[in-house]
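1. The sequence and its predicted three-dimensional model are supplied below.
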Amino acid sequence: MTIYRATVLDTPGELGRPHGLRTDSDCALVVHDGTITARTDIATARREHPADEEIDLREGLLLPGMIDTHVHFPQVRALGGLGMPLLEWLRLRALPEEARLVDTAYAREVAKEFLGGLTTSGTTTAMVFGSHFPQAVDVLFEEAEQTGLRITSGLVVSDRILREDLLLDPAATLEAGRQLARRWHGRGRLRYAVTPRFSLSTTDEMLAAAAELFHEQQAGLAGELWFTSHINENVDEIAQVRELFPDATGYLDTYARHGLVSPRSILAHNVHPQPEELTAIAAAGAAVAHCPTSNSALGSGLFPLREHLDAGVQVALGSDVGAGTGFGILKEGLQAYFMQQLRGPAGIQLGAADLLHLATRSGALALGLADEVGDLSTGKQFDAIWVRPRSGGTLQTVLRHADDAEDTLAKLFALGASADIESVWVGGQEITHHRPTAVGLAPEGAA
Ligand code: GUN
Ligand code: ZN
């Protein structure tokens, strides 16, 4: 067992509730086999576990691990392609890079860079858009297993409109998906997600094949598969989808009529939904991944958060690397706040506790993992990040002068960056290389 002593901030309740931030300024988390077995004060922890190692994290803040509900593995090297709307960016920046993953050695390098990006930014759980190449998806899962991160991912499938080398026919994708799911779904912290790229690049036959895999109960599979795709991101994309699916009632229907919208579905973006689509997403229990830096960089639009929450849709954050501007979920929280401010009266005034919720517990709820991760309550996994601002930096200065916990958190979202994240744990296992100070057994009475 290990005792972590820290200032702990988390949001175990519901999004948007007043006093949603839980703060313990000198908290002891007792962790056994990766699970938090007690959340108490240091004197009690020492009394009950006198022989256990104690890790002193008081110089900084301990938060739940960040959760990224939409991020693309093959797009790390495409980051920073500014100045284009979605379809042009896909053609010129994202897809040429994604095509390079046909080379499995290249894919492995990218997978390492990708997982390193998640880890060093404090992301401990992610829904990951995989590659169009089955071997590259295997490589991602292999490398993810090595890191210990909680990853849900799958083969990205398309059978039209994209460049030729990224297309596969529905029968081939179904068989490749089946094999990948059999190998990886439910293995350790890994799960498989059925992943048509978007309706624009998938025929109805392809979506039917995706649905067949999503719904089939395969012998040997540990639990049901997940589903993810893009929706209602960009006005030109939406207009083209409408033309390609004249008999669908809208973008959502292209997925929903195949039974792909469910409590195990994450739909990315939804910047321009119809009101009835929001009602249907909520009724299906599906979640929406809001990707604020991507929506800003591609000029996709201002996310209608109030409309989603009023309809009862579960919303969480996604970095959408590489259209987004990096792996930092703290930055996505800040950009989500900016976008709501820019909507004027139509926006929601997000507080710092709301941003932390969106970055952690909302993601756990969207991914069906809220019983395990998303906050630092007793019984949860010790998935946590230790934020230790760089000595002499502005973040350190402003945190010293914060009024209270809410103010501390607001300052962290405003100024915090990956460089301020010193250590990251998943299931009690430290996955960063910086070790905090192990102080061993402190003398009785030492504070
Ligand atoms: N829609 C289809 N593919 C993509 C992608 O890679 N990024 C984004 N932002 N939207 C998409
Ligand atoms: Zn995306």
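-> All right, it came through fine. Ligands and ions are numbered 1, 2, ... in the order given.

2. So what touches the helix ranked longest in the chain?
-> In the chain, taking DSSP state H as the definition, the longest helix is helix 104-120. Helix 104-120 is touched from outside by 68, 71, 73-74, 76-77, 100-101, 126, 128, 131, 133, 135-136, 139-140, 142-144, 147, 149, 321, 326-327, 418, 421, 424, 431-432, with contacts defined as C-beta atoms under 8 Å, 6 or more residues apart in numbering. (C-beta placed from N, C-alpha, C; glycine too.)

3. I'd like to know the average pLDDT value across the very next helix or strand once past that helix.
-> Sequence-wise, the next helix or strand downstream of helix 104-120 (DSSP states H and E) is strand 123-129. If you average the pLDDT over strand 123-129, you get 98.

4. Counting by contacts, list what strand 123-129 packs against.
-> strand 66-72, strand 150-154, strand 226-231, helix 361-366, strand 421-426 (3 or more C-beta pairs under 8 Å, 6 or more residues apart in numbering; DSSP states H and E).

5. How confident is the prediction for G16, by pLDDT?
-> 85.

6. On the three-state scheme, it is what?
-> Here G16 takes the coil state, with states given by DSSP: H, G, I helix; E, B strand; the rest coil.

7. dump the residue contacts of the closest residue in space to it that isn't next to it in sequence.
-> Leaving out its chain neighbours, the residue that sits closest to G16 by C-beta to C-beta, 6 or more residues apart in numbering is D354, at 6.2 Å. Neighbouring residues of D354 by C-beta under 8 Å, 6+ apart: 15-16, 20, 348.

8. Just the ones of the contacts of helix 104-120 in strands?
-> Per DSSP state E, strands hold the following members of the contacts of helix 104-120: 68, 71, 126, 128, 421, 424.

9. The residues you listed: which two are farthest apart?
-> V128 and I421 (19.5 Å; C-beta to C-beta).

10. More neighbours: these two, which one.
-> V128 (28 against 25; other C-beta atoms under 10 Å).

11. roughly how far apart are the more buried one and I67?
-> Going from V128 to I67 by C-beta to C-beta, to the nearest Å gives 12 Å.

12. Repeat that for A78.
-> Distance from A78 to I67, by C-beta to C-beta: 23 Å.

13. who has more neighbours, those two?
-> I67 (29 against 20).

14. In terms of pLDDT, where does the more buried one sit?
-> So I67 comes in at 99 (pLDDT).

15. can you map out the helices along the stretch 201-350 of the chain?
-> 204-215, 235-244, 251-256, 275-284, 292-297, 305-311, 329-342 (DSSP state H, counting those that start in this stretch).

16. could you dump these to JSON lines with mean neighbour count?
-> Converted to JSON lines, the helices of the stretch 201-350 of the chain look like this (neighbours: other C-beta atoms under 10 Å):
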{"stretch": "helix 204-215", "mean neighbour count": "20"}
{"stretch": "helix 235-244", "mean neighbour count": "15"}
{"stretch": "helix 251-256", "mean neighbour count": "23"}
{"stretch": "helix 275-284", "mean neighbour count": "18"}
{"stretch": "helix 292-297", "mean neighbour count": "24"}
{"stretch": "helix 305-311", "mean neighbour count": "17"}
{"stretch": "helix 329-342", "mean neighbour count": "22"}
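
17. Now which of the contacts of D354 would you call buried?
-> 15, 20, 348 (16 or more other C-beta atoms under 10 Å).

18. tell me the contacts of the last one?
-> When contacts are counted by C-beta under 8 Å, 6+ apart, I348 is found next to 16, 305-306, 309, 340, 354.

19. how close does it get to ligand 1?
-> Counting by C-beta to the nearest ligand atom, to the nearest Å, the separation of I348 from ligand 1 is 23 Å.

20. before we move on, the earlier item: deepest-packed of the helices and strands packed on strand 123-129, please.
-> strand 66-72 (a mean of 29; mean count of other C-beta atoms under 10 Å).

21. and the residue of the stretch 301-447 of the chain found nearest ligand 1, how far is that from L79?
-> Nearest residue of the stretch 301-447 of the chain to ligand 1 (C-beta to the nearest ligand atom) works out as A323 at 3.9 Å. The spacing between A323 and L79, counted by C-beta to C-beta, is 9 Å.

22. and what of G299?
-> 17 Å.

23. what does S121 give?
-> From S121 to L79 the distance is 12 Å (C-beta to C-beta).

24. Settle it for me: which of A323 and L79 has more neighbours?
-> More crowded of A323 and L79, by other C-beta under 10 Å: A323, with 28 against 18.

25. Now do the same contact list for that one.
-> Neighbour list for A323: 75, 81, 86, 89, 94, 291, 294, 297-298 [criterion: C-beta under 8 Å, 6+ apart].

26. What is the end-to-end distance of stretch 239-258?
-> From its first residue to its last, stretch 239-258 covers 21 Å (C-alpha to C-alpha, to the nearest Å).
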